[in-house]
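Visitor: Pasting the sequence and the predicted model now:
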Amino acid sequence: MTSLTWTGPIADRARLLRLLQEYGVYAALVVLFFVAVGLDASFVEMSNLRVQLFQLAPTLLVALGMALVIGTEGIDLSVGAVIALAASVVPLYAGYGLGGALLVALLLGAVSGAVGGAMVAFARIQPIVATLSLMIGVRGLAEIINGNSAKPVIQPGILDLGSRNIAGLPEMAWIAAVCALLTGLLVRRTTFGRQLVAVGDNRQASRLSGLPVRRVLITVYVISGVLAALAGVLIVSHGAEADPANQGLNMELNAITAVVVGGTPLSGGRVRVLGTVAGALFMQLITAVLTQHNVHTSYTQIVEAAIICFAVYASQERGTR
């Protein structure tokens with residue numbers, strides 16, 4: 001007698017998990033948007049949308065760099081500290097205009113990323129350990145540079161970056177959108193993007209096949225550092241002050257949340273840039289809705305934690321199929 005195996009429910013569950021990972025964030029984003037509008041019709045007013053985009057831009061920039069790092073099966077916990085470091089040098093070089101301050105900040109972000117990448121690529125330190133130590137040291141350096149109190153920034157060119165609109169939308173949002181587009185092209189249309197995915201999928205096999213594994217690892221951490229530094233400059237330009245003791249706090253967690261919710265697995269081997277953008281938008285909407293209805297920040301953090309757990313669970317379940 002031939003035994004029959006009932007696989008229908010199992011197959012249906014696997015299919016559901018796959019659909020959730022592929023398209024769940026987009027569906028959730030649409031639903032949440034309509035919920036926000038239903039609760040408060042003023043949510044779609046242009047003034048409020050500009051506020052949301054101002055807040056979204058730095059998080060999205062950091063999340064894009066984080067997505068590349070996670071794509072190599074890594075993690076970068078130093079991005080919040082790099083934001084603080086970039087913020088700390090803006091007042092010092094504000095006299096050279098936006099170009100001078102931005103250049104110094106980006107260079108420091110690149111150096112920080114290169115140090116973290118070298119620790120991972122050459123010393124073979126676990127990414128979480130390497131970037132955790134960097135996070136502590138870099139934030140300490142930022143506070144030494146800036147001092148104990150926030151410093152105002154009054155240079156018009158820098159302040160314009162954080163307040164100017166182009167075609168009705170914040171310039172900061174346009175910068176983040178361009179960076180997202182470039183990141184997507186980097187991942188999907190370049191040799192480096194294919195190498196990045198290969199390294200994340202199987203680092204040992206990539207090394208044996210002759211791929212420049214160390215160069216790829218260092219490069220993704222440098223990109224992450226540069227994008228975090230850019231986010232730091234945008235935060236200073238929008239807030240008109242440098243406060244490294246508070247700026248960039250928990251930004252690494254926000255970025256990781258956006259990346260994971262967007263469908264990029266923590267196990268590496270895949271980078272979903274569009275999903276990361278949607279994940280960042282989704283988390284910004286959640287924060288905005290809860291804040292507008294006077295929900296305490298602690299509850300917002302609990303919601304974010306639950307979302308991360310579910311997203312990671314869906315990713316791992318799919319990986320076992």
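Guide: Structure received. All of these numbers come straight from a predicted model, not from anything done at the bench.

Visitor: burial count for the residue nearest to residue 150 when sequence neighbours are not counted?
Guide: Excluding its sequence neighbours, the residue lying closest to residue 150 (CB to CB, 6 or more residues apart in numbering) is residue 243, at 3.7 Å. For the C-beta atoms, the positions are set from N, CA and C on the backbone; glycine is no exception. Residue 243 is flanked by 20 other residues according to other CB atoms under 10 Å.

Visitor: Report the contact partners of residue 243.
Guide: 87, 146, 150-151 (CB atoms under 8 Å, 6 or more residues apart in numbering).

Visitor: ok, of these, which one's closest to residue 234?
Guide: residue 87 (9.9 Å; CB to CB).

Visitor: So the closest one sits against residue 237, correct?
Guide: No: between residue 87 and residue 237 there is no contact under CB atoms under 8 Å: 9.9 Å.

Visitor: So between the two, which is more surrounded?
Guide: Regarding residue 87 and residue 237, a neighbour count based on other CB under 10 Å identifies residue 87 as having more, with 33 against 25.

Visitor: mean confidence for the host helix or strand of that one?
Guide: Per DSSP states H and E, residue 87 falls inside helix 79-93. The pLDDT scores in helix 79-93 average 96.

Visitor: which strands and helices sit next to that helix?
Guide: helix 46-71, helix 97-121, helix 127-146, helix 213-239, strand 241-242, helix 251-261 (3 or more CB pairs under 8 Å, 6 or more residues apart in numbering; DSSP states H and E).

Visitor: close enough to count as contact, residue 117 and residue 222?
Guide: Yes: judged on CB under 8 Å, residue 117 makes contact with residue 222 at a distance of 6.1 Å.

Visitor: re earlier: I'd like the distance from the residue nearest to residue 150 to residue 217, if you could.
Guide: 32 Å (CB to CB, to the nearest Å).

Visitor: Repeat that for residue 308.
Guide: 25 Å.

Visitor: Of the two, which one has the most company?
Guide: Here residue 308 and residue 217 are set side by side on neighbour count (other CB under 10 Å), and the busier one is residue 217, at 26 against 16.

Visitor: so what pLDDT did the more buried one get?
Guide: 97.

Visitor: same check, this time on residue 4
Guide: For residue 4, pLDDT reads 48.

Visitor: do the same with residue 220
Guide: On the pLDDT scale, residue 220 gets 98.

Visitor: and if you look at residue 20?
Guide: In this model, residue 20 carries a pLDDT of 67.

Visitor: cool, residue 42 as well?
Guide: For residue 42, pLDDT reads 85.

Visitor: That one contacts residue 48, doesn't it?
Guide: Yes: taking contacts as CB under 8 Å, residue 42 lies within contact range of residue 48: 6.3 Å.

Visitor: and these two? which has more neighbours close in?
Guide: residue 48 (15 against 9).

Visitor: Could you export the helix holding residue 87 as CSV, keeping only the C-alpha atoms?
Guide: The C-alpha trace of helix 79-93 is given here as CSV (Å, rounded to 0.1, in the frame of the first residue of the first chain):
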residue,chain,number,x,y,z
VAL,A,79,26.4,54.2,12.8
GLY,A,80,24.8,56.2,15.6
ALA,A,81,28.2,57.2,16.9
VAL,A,82,29.3,58.1,13.5
ILE,A,83,26.3,60.5,13.3
ALA,A,84,27.5,62.0,16.5
LEU,A,85,31.1,62.3,15.2
ALA,A,86,29.9,64.0,12.0
ALA,A,87,27.7,66.4,14.0
SER,A,88,30.6,67.3,16.3
VAL,A,89,32.8,68.6,13.5
VAL,A,90,30.1,70.7,11.7
PRO,A,91,30.4,73.7,14.1
LEU,A,92,34.2,73.5,13.9
TYR,A,93,34.3,73.7,10.1
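
Visitor: quick one, it and helix 213-239 angle?
Guide: 60 degrees (axes from the mean of the first three to the mean of the last three CA atoms, to 10 degrees).

Visitor: Buried residues of helix 79-93, list them for me.
Guide: Residues of helix 79-93 classed as buried by neighbour count (16 or more other CB atoms under 10 Å): 79-91, 93.
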